[in-house]
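Engineer: Using only what follows, build the 3D model:
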Amino acid sequence: MKTIKRAALGGAACVAIALPAAALAAHPVKGGHYSNQKDLSFATVSKTGRRAQLEVYSKCNNGIPVKANKAGKISSHGKLTYSGSATELATQNGTAHLSLSGKFVTRKTLKWTATVIAGSCKSTVKDTLTLMKSG
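Structural biologist: The predicted structure follows:
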């Protein structure tokens with residue numbers, strides 16, 4: 001009888017330990033619009049929650065942001081990544097390069113590091129965006 005009780009308690013402890021680890025993976029709000037509220041950095045999550053349109057503030061081009069030419073990918077663990085061309089919104093010229101890596105730390109908060117290379121200018125920005133509008 002004691003063996004059965006110990007086995008049951010051991011199983012319950014394993015479940016209790018596993019639940020917090022799964023809870024750490026934050027997922028974005030599907031269709032959510034995230035902004036940093038101080039300059040022009042935005043992320044708009046798709047209705048599926050797997051991609052996001054990105055606009056990133058850059059110190060290049062007098063502070064005018066760049067827009068990723070394709071949507072960034074969001075993993076099942078809430079990680080956001082993009083590396084590719086971007087349009088300089090000041091000139092509508094697609095000569096900038098954007099590399100971005102971030103994570104949804106909660107459903108309402110996205111933290112990222114973005115690097116923009118436009119001509120001879122290189123700008124790296126760490127930013128925190130919050131949910132402004134859902135779906």
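
Engineer: rest of the way, CA atoms for contacts and neighbours
Structural biologist: Noted.

Engineer: now the chain, which segments are flagged as low pLDDT?
Structural biologist: Scanning the chain for pLDDT under 70 picks out 1-25, 61, 90-94, 135.

Engineer: what do you get if the cut-off is 80, keeping everything else the same?
Structural biologist: Counting by pLDDT under 80, the chain has low-confidence residues at 1-25, 39, 61-64, 88-95, 135.

Engineer: Please enumerate the helices of it.
Structural biologist: Here the chain has its helices, by DSSP state H, at 2-23.

Engineer: in the protein, which spans are strands?
Structural biologist: 33-35, 42-45, 51-56, 66-68, 72-74, 79-88, 93-106, 109-118, 121-133 (DSSP state E).

Engineer: Name the residues of the fourth one that are buried.
Structural biologist: Buried residues in strand 66-68, counted by 16 or more other C-alpha atoms under 10 Å: 66, 67, 68.

Engineer: Could you do the longest one as well?
Structural biologist: Residues of strand 93-106 classed as buried: 94, 96, 97, 98, 99, 100, 101, 102, 103, 104, 105, 106 (neighbour count, 16+ other C-alpha under 10 Å).

Engineer: out of these, who's nearest residue 60?
Structural biologist: Lowest distance from residue 60 to the buried residues of strand 93-106 (C-alpha to C-alpha) belongs to residue 96, with 9.8 Å.

Engineer: OK, contacts around the residue nearest to that closest one when sequence neighbours are not counted?
Structural biologist: Spatially, and ignoring its direct neighbours in sequence, residue 96 is nearest to residue 118 (4.4 Å; C-alpha to C-alpha, 6 or more residues apart in numbering). Residues in contact with residue 118 (C-alpha atoms under 8 Å, 6 or more residues apart in numbering) are 60, 61, 95, 96, 97.

Engineer: Include distance to residue 76 when you put the residues you listed into CSV, please.
Structural biologist: Shown next, in CSV, are the contacts of residue 118 (distance: C-alpha to C-alpha, whole Å):
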residue, distance to residue 76
60, 32
61, 34
95, 31
96, 28
97, 25
